[in-house]
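1. turn this into a model:
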Amino acid sequence: MTERAARSARLRSEIRERVRELHALDHGAQPFVPGETYVAYSGRVFDGSELEALVERALDAWITAGPSAAEFERALAAYTGARSAVFVNSGSSANLLALAACTSPKLDRPLAPGDEVITAAAAFPTTVNPIVQVGCLPVFVDVELGTYNPDPGRIERAIGPRTRAIMVAHAVGNPFDAVAYGALAERHGLFLIEDTCDGLGGTLAGRMLGTFGDFGTLSFYPAHQMTTGEGGAVLCNDPARRRLVESFRDWGKDCWCEPGKDDTCGKRFGWQLGQLPEGYDHKYVFSHLGYNLKATDLQAAVGLAQLRRMPSFVARRRQNFAALLQCLEPFADVLILPRSDARAEPCWYAFPITVRANAPFTKNAFVAFLEERRIATRSLFAGNLLRQPAWTGRRHRVAGSLDNSDTIMTSTFLVGVYPGIDDERLHYLQRTLRAFLTR
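-> Modelled structure (predicted):
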């Protein structure tokens, strides 16, 4: 090792040590004071390794996608059991890219403007917005209270002559029946896109969520099971379809060279494509109307550190969920409690609670009681999307009633189960829930 390299190594070691010290000072555990310390419903959980990884990558001056992004994609695919993963800048972008890939003229029967895509009415907007953004017609179905997913029968009854795809989220991390959805998709020749943004780490029939459909999508926003800050990914098992996602992500380029690489195909100036001059530089051939939705190596470095901690994150979410379910089971006469497919092992995003119509209190009163005691709550996202201002006047079709989606708007809320809810916070949350329900 040269003197220069040795000095660089010493400086990096010193910087890592200072980062660890700073993390302990600024982000270490703080005393919990019931009623004063805020109990968040979710958030990032770092132990310092993430900041070290972030600083280390910054010292290498990799501020775009690079080696860490490629490593993160491989590690993420290995964790989920998918053949490949494409790292992108958000879960919302992942949803857009997955559906956009289905419109590629390189497919035998791509989605076309006016085609129908079946989705859930009770959803986060960016599960549904891409349907409109690619020129298709959303077909809304209702969900079941307790699972918050559409059962396969609702999906099948919604299929019409123009239906070409199903795009549904595993609600709050609770697996929908992806086996049955997949069978429906195969029988009717439909694309299946699993929005798994809330459910990384969950399984159905022993298989990771996000791997049943043509594409699975993930979000790494801090509220989710792991975080890269902003970030997301598209999972797929078909290399050709992975290329479509990458093309739409990377400006619509036909070239598949990684950043900083040239001539991966070995014939950069040897193509004859479309109406372009023979030998036109393949790095500047565009086969799709794409975007720039790439993530950075800085984010990937954090993701790699977080991914190594996923087993503990999953275990804590399941532990917290089970404790809350046990706490609330005596009150099932006034609350609809969450339930799952018998084949499922969810990694819950949060704990959903629905106040029954016969309860002597309202959701708003319950939420106010918790919030006054510094316990965070959230709505089940947008509720019935068709009641949101953004959907006024939008073309759509509704298959059946949306009564349960309306009930979710008035009667359902979420409390947290994320790993930042340690034993002290969990016990306080349990005591506070019981205090409201027994007063």
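2. how much space between the residue located most distally from the centre of the chain and residue 166?
-> Distance from the centre of the chain peaks at residue 3, with 46.2 Å (Cα atoms, centre = their mean). According to Cβ to Cβ, to the nearest Å, residue 3 and residue 166 sit 62 Å apart. Placement of C-beta: from N, CA and C, glycine included.
3. repeat that for residue 117.
-> Distance from residue 117 to residue 166, counting by Cβ to Cβ: 7 Å.
4. these two: which is more packed in?
-> Using other Cβ atoms under 10 Å as the criterion, residue 117 and residue 166 rank with residue 166 on top: 29 against 26.
5. could you report the pLDDT at the more buried one?
-> For residue 166, the pLDDT comes out at 98.
6. who's in contact with it?
-> The neighbourhood of residue 166, defined by Cβ atoms under 8 Å, 6 or more residues apart in numbering, consists of 117-119, 155, 181, 184-185, 190-193, 213.
7. the longest helix that the chain contains: which residues count as buried?
-> If you go by DSSP state H, the chain has its longest helix at helix 3-27. For helix 3-27, a neighbour-count test (16 or more other Cβ atoms under 10 Å) marks 16, 19, 23 as buried.
8. can I get those residues in TSV with pLDDT and distance to residue 433?
-> What follows is the buried residues of helix 3-27, written out as TSV (pLDDT from 0 to 100; distance: Cβ to Cβ, whole Å):
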residue	pLDDT	distance to residue 433
16	88	42
19	88	38
23	88	33
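9. by mean pLDDT, point me to the weakest helix or strand of this protein.
-> For the chain, the helix or strand with the lowest mean confidence is helix 3-27, at a mean of 88 (criterion: mean pLDDT, DSSP states H and E).
10. looking at the buried residues of helix 3-27, which is nearest residue 143?
-> Within the buried residues of helix 3-27, the smallest distance to residue 143 is 40.9 Å, found for residue 23 (Cβ to Cβ).
11. correct me, but that closest one touches residue 48?
-> Yes. Residue 23 is in contact with residue 48 according to Cβ atoms under 8 Å; the separation is 3.9 Å.
12. just the element for residue 352, please.
-> strand 351-355 (DSSP states H and E).
13. which helices and strands does the helix or strand that that strand is followed by pack with?
-> Note on strand 351-355: by DSSP H and E, the next helix or strand toward the C-terminus is helix 363-372. Contacting helix 363-372 under the criterion 3 or more Cβ pairs under 8 Å, 6 or more residues apart in numbering; DSSP states H and E are the following elements: strand 351-355, strand 412-415, helix 423-437.
14. run the last query once more with 7 Å
-> Counting by 3 or more Cβ pairs under 7 Å, 6 or more residues apart in numbering; DSSP states H and E, the packing neighbours recorded for helix 363-372 are strand 412-415, helix 423-437.
15. how far off centre is it?
-> A distance of 27 Å separates the centroid of the chain from that of helix 363-372, by Cα atoms, centre = their mean, to the nearest Å.
16. show me what counts as buried in it.
-> Those would be 363, 366-367, 369-370, for helix 363-372 by 16+ other Cβ under 10 Å.
17. so what strands line up beside the longest strand seen in the chain?
-> Scanning the chain for the strand with the most residues, using DSSP state E, yields strand 163-169. Sheet pairing for strand 163-169, assigned by DSSP bridges, gives strand 116-120 (parallel), strand 191-195 (parallel).
18. format those strands as CSV; extra columns: mean pLDDT and distance to residue 134.
-> Formatted as CSV, the strands paired with strand 163-169 follow (pLDDT from 0 to 100; distance: least, Cβ to Cβ, whole Å):
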stretch, mean pLDDT, distance to residue 134
strand 116-120, 98, 9
strand 191-195, 98, 12
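19. what's the closest of these to residue 30?
-> That would be strand 191-195 among the strands paired with strand 163-169, by Cβ to Cβ, at 34.7 Å.
20. for whatever helix or strand comes next after that closest one, packing partners?
-> For strand 191-195, the following helix or strand on the C-terminal side (DSSP H and E) is strand 203-204. Contacts defined by 3+ Cβ pairs under 7 Å, 6+ apart place strand 203-204 against strand 344-345.
21. who touches the strand it packs on?
-> With Cβ atoms under 7 Å, 6 or more residues apart in numbering as the test, strand 344-345 has contacts from 175, 202-204.
22. what's the neighbour count on residue 81?
-> Residue 81: 13 neighbours (other Cβ under 10 Å).
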